[in-house]
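1. kindly return the folded structure for what I paste below:
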Amino acid sequence: MKLKDNYLLLLILVCFAIFFVNLDAIYVNIMEARNFATAREMINLDHWIFTTLNDEPRYEKPPLPTWMTAISMLLFGMKSMFALRLPAAIMGTLTVVFIYKLGLKFTMHRKYAFISGLIAATSFYILYSGRDGQWDIHTHAWMIMAIYSIYKIFTQESSTYLHGLLAGIFIGCSFLSKGPVSMYALLLPFLIAYGVVYKYRNFKSNWLPLILMLITATAISASWSLYVYYFDTNAVAKITDRETGRWLNYNVRPFYYYWSFVIQSGIWTIPAFVGLLYPYLKNRVFNKPGYKFTLWWTLGALVLLSIIPEKKSRYLMPVLIPLALNTAFYIEYLFRRFDMIPKKEKWVVYFNFGLIAFIGLIFPIAGLIYFNELLAIIWPWFLMTSICLIGIGFLMLYYLRKNKIKPVFYLTIWFIISVIFFGLPIAKKIQPNPSYKSVVAVDKYRENNSMQVYEFKSFTPEIIWEYGSPIKVLWNGNGFEKPSEEKFLLLNTPSEFEAMQDEFSDHKIEKIEEIDMNPVGNTHKERLYRDLYLISKN
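-> Got it, this is the predicted structure:
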């Protein structure tokens, strides 16, 4: 088989280009810092089961992604950003591969499945999650693998017990990544969509493999939670009460908050929207039951997520999985019929891909204006990005004029790959904070005097991650625990200065340093800023 016809291999190569290249280009965010610091404490403090962050219990999220991160740390080093984000990149690749395999399974159409995988890999939040060391990509990757096995149980007579066992393992791993999130947001709408379209025709003959799946999934899902609850009941109860309250009153948004969900697919926003227009597309797709299945799955996930009071844009990621499969029906239709469809239908295609081409063509001009003084530093990357995007832009316009949509679609994938290869290194240089000072500067005051360092009221995950070890917080939830040392270092935010003065009114307070870990110069977040004080008894 020629490489151009080996769709699965091509898709894996695309995933390597999208998920594995320049993984160190973006600074560590708060979700990553929590995960990375917890993984480091697994290794340094031997907290593999009773997970901690800043040496405090952290049971809000199950530990599987953190275990994977810790193993990657052990293999490749604790300071390698590639190692830290490698597990997410692997799970992103598995997500795309199993979207391809599932699409192939229910349509038997390799080109459609390939298009689905490419759309998924380049959809904004799937792409972002696969390059970011957080939990979302893990839980949904395991679940799409489980869904593939469940689909095989429903549709084939052989090896159903093996698929039941695999589905149970994958569901359990999904739960161990982020609790029941993916069960609710990805598996449940899949089961609803399958029932509506395919009617569970073979359900009675497969109930034993399904029972095996449920038993296996329950055993794996409950293992860590029950163990931690049994041996650290008070901490688990306290954390559970806090997290339950957050679901009801934290980031509460109206029911319709997610209705602009197609935007999360990024570069595929317009095709994704068109793909949802059932009256228009129902008689144009090559597989109507498959199209109805992906449509029900997408809309079911959207409605179920909309019911939950707490809403964030990143919670929409599970919707993007069936949405990629659904959008691929529209793209495949364009592949077959674009040169024959009426002009009134083509303007959407011209607008969507023409806009992408236009962005590529104007990038050098916009970059010259925006980067300005930074060009002397970033010019090699800027030049390569400009050459690639201009070339892609011209080729997209050329093929659009020729009514050849296949190369236009594939050029869109190359557009994303070019940005990742040559554009992301520029991100390191954009608007650096001239006042940036790492929290590790604290240690220079401890070189000649082994003073302890404390946080006054609370800690910030990014600061803990950067510092390299836990920093004890004086506030215990009810009051302050004053250090017994004659002299110590204290990190505090400006907003808590007066509270610190009141608490240490019988001490000498001397400000000795300003710690500013805001990576971008035009944005100041107080949680990334600390004043460092030398506190000594009078």
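
2. low-confidence ranges, the protein, go.
-> When residues are selected by pLDDT under 70, those of the chain lie in 1-5, 243-250, 431, 521-522.

3. what's the domain layout of it?
-> Following automatic domain parsing, one finds the domains of the chain at 3-337, 343-427, 439-537.

4. tell me which helix or strand Tyr350 sits in.
-> helix 343-371 (DSSP states H and E).

5. list the buried residues in that helix.
-> Residues of helix 343-371 classed as buried: 346, 349, 352-354, 356-357, 360-361, 363-364, 367, 371 (neighbour count, 16 or more other CB atoms under 10 Å). All C-beta atoms are positioned from the backbone trio N, CA, C, and that covers glycine.

6. figure out the helix or strand that Ile515 lives in.
-> Using DSSP H and E, Ile515 falls in strand 507-516.

7. that strand pairs with which strands, parallel or anti?
-> The strands that strand 507-516 pairs with in its sheet are strand 529-537 (antiparallel) (by DSSP bridges).

8. contacting residues around the partner strand?
-> Strand 529-537 is contacted from outside by 439, 441-442, 445, 463, 483, 486-494, 497, 500, 504, 506-518, using CB atoms under 8 Å, 6 or more residues apart in numbering.

9. and if we set it to 7 Å?
-> Contacts to strand 529-537, defined as CB atoms under 7 Å, 6 or more residues apart in numbering, come from residues 442, 463, 486-494, 504, 507-516, 518.

10. try stretch 134-144
-> 31-32, 35, 61, 64-65, 88, 91-92, 94-95, 98-99, 129-130, 170-171, 173-174, 177-178, 181-182, 186-187, 314, 317-318, 321.

11. what comes up buried for the host helix or strand of Tyr230?
-> In this assignment (DSSP H and E), Tyr230 forms part of helix 207-231. By neighbour count on 16+ other CB under 10 Å, the buried set for helix 207-231 is Pro209, Leu210, Leu212, Met213, Thr216, Ala217, Ile220, Ser221, Trp224, Ser225, Val228.

12. could you do stretch 252-270 as well?
-> So, applying 16+ other CB under 10 Å, buried residues of stretch 252-270: Tyr257, Tyr258, Phe261, Val262, Gln264, Ser265, Gly266, Ile267, Trp268, Thr269, Ile270.

13. secondary structure and distance to Tyr399 added to those, as CSV?
-> Below are the buried residues of stretch 252-270 laid out as CSV (DSSP: H, G, I helix; E, B strand; the rest coil; distance: CB to CB, whole Å):
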residue, secondary structure, distance to Tyr399
Tyr257, helix, 38
Tyr258, helix, 35
Phe261, helix, 30
Val262, helix, 25
Gln264, helix, 27
Ser265, helix, 22
Gly266, helix, 21
Ile267, helix, 17
Trp268, helix, 18
Thr269, helix, 21
Ile270, helix, 18
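
14. mind putting the residues you listed into JSON lines with distance to Ala17?
-> Formatted as JSON lines, those follow (distance: CB to CB, whole Å):
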{"residue": "Tyr257", "distance to Ala17": "33"}
{"residue": "Tyr258", "distance to Ala17": "30"}
{"residue": "Phe261", "distance to Ala17": "26"}
{"residue": "Val262", "distance to Ala17": "25"}
{"residue": "Gln264", "distance to Ala17": "21"}
{"residue": "Ser265", "distance to Ala17": "19"}
{"residue": "Gly266", "distance to Ala17": "17"}
{"residue": "Ile267", "distance to Ala17": "15"}
{"residue": "Trp268", "distance to Ala17": "18"}
{"residue": "Thr269", "distance to Ala17": "22"}
{"residue": "Ile270", "distance to Ala17": "24"}
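
15. chain center to stretch 90-102, what's the gap?
-> 14 Å (CA atoms, centre = their mean, to the nearest Å).

16. contacting residues around it?
-> By CB under 7 Å, 6+ apart, the residues outside stretch 90-102 that reach it are 8, 11-12, 15, 19, 113-114, 116-117, 120-121, 126, 129-130, 137-138, 140-141, 144-145, 147-148, 151, 321, 324-325.

17. buried only: go through those for me.
-> 11-12, 15, 19, 113-114, 116-117, 120-121, 126, 129-130, 137-138, 140-141, 144-145, 147-148, 151, 321, 324-325.
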